[in-house]
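Trainee: Mind looking at a prediction? Sequence and model below.
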Amino acid sequence: MAPRKTYRELEAWQHTMDLVEGVYRLTKTFPSDERYCLAVQLHRACVSIPSNIAEGQGRGTRGEFCQALWIARGSLCELETQLLIAGRPGYVNQSTVEGTLRLAGTAGRLLNGLSRSLTPP
């Protein structure tokens, strides 16, 4: 039996850390009056995703890990919605929104795959 991976070795965690970095870069372009409102919400949602992966993996049981992955998936949906909101008034250009949504889509697929790998057939 292979040793259990740490959360830092999980592709889903690594990818969502890249997503966090991208969102932080993206919010630097926001108008100054939005940096303490929508930008903060985007930061919280995106930081929650890898944080929940790490917490769930650290809990030690499959059930708790799966629950944490569902919470991460909810934060990902929240992030996607906030990205779309940021694009509507033009705080972020449409190509940047679409590119970040593609990264979020990959993160969702990785979360789903990780969740499926934890549930017995």
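Mentor: The structure has been received and is ready for your questions.
Trainee: From now on I want contacts and neighbour counts done on CA atoms only, so please keep to that.
Mentor: Noted.
Trainee: how near is H15 to Y36?
Mentor: 26 Å (CA to CA, to the nearest Å).
Trainee: likewise E80?
Mentor: Applying CA to CA, the value for E80 to Y36 is 19 Å.
Trainee: Looking at these two, which one has more neighbours?
Mentor: Per other CA atoms under 10 Å, whichever of E80 and Y36 has more neighbours is E80, with 22 against 11.
Trainee: Wait, that one touches L101, no?
Mentor: Yes: if you go by CA atoms under 8 Å, E80 and L101 touch, sitting 6.4 Å apart.
Trainee: and E55, what does it touch?
Mentor: Residues in contact with E55 (CA atoms under 8 Å, 6 or more residues apart in numbering) are F65, A68.
Trainee: after the strand or helix carrying it comes which helix or strand?
Mentor: Following DSSP states H and E, one finds E55 within helix 38-59. Counting by DSSP H and E, the next helix or strand C-terminal to helix 38-59 is helix 62-87.
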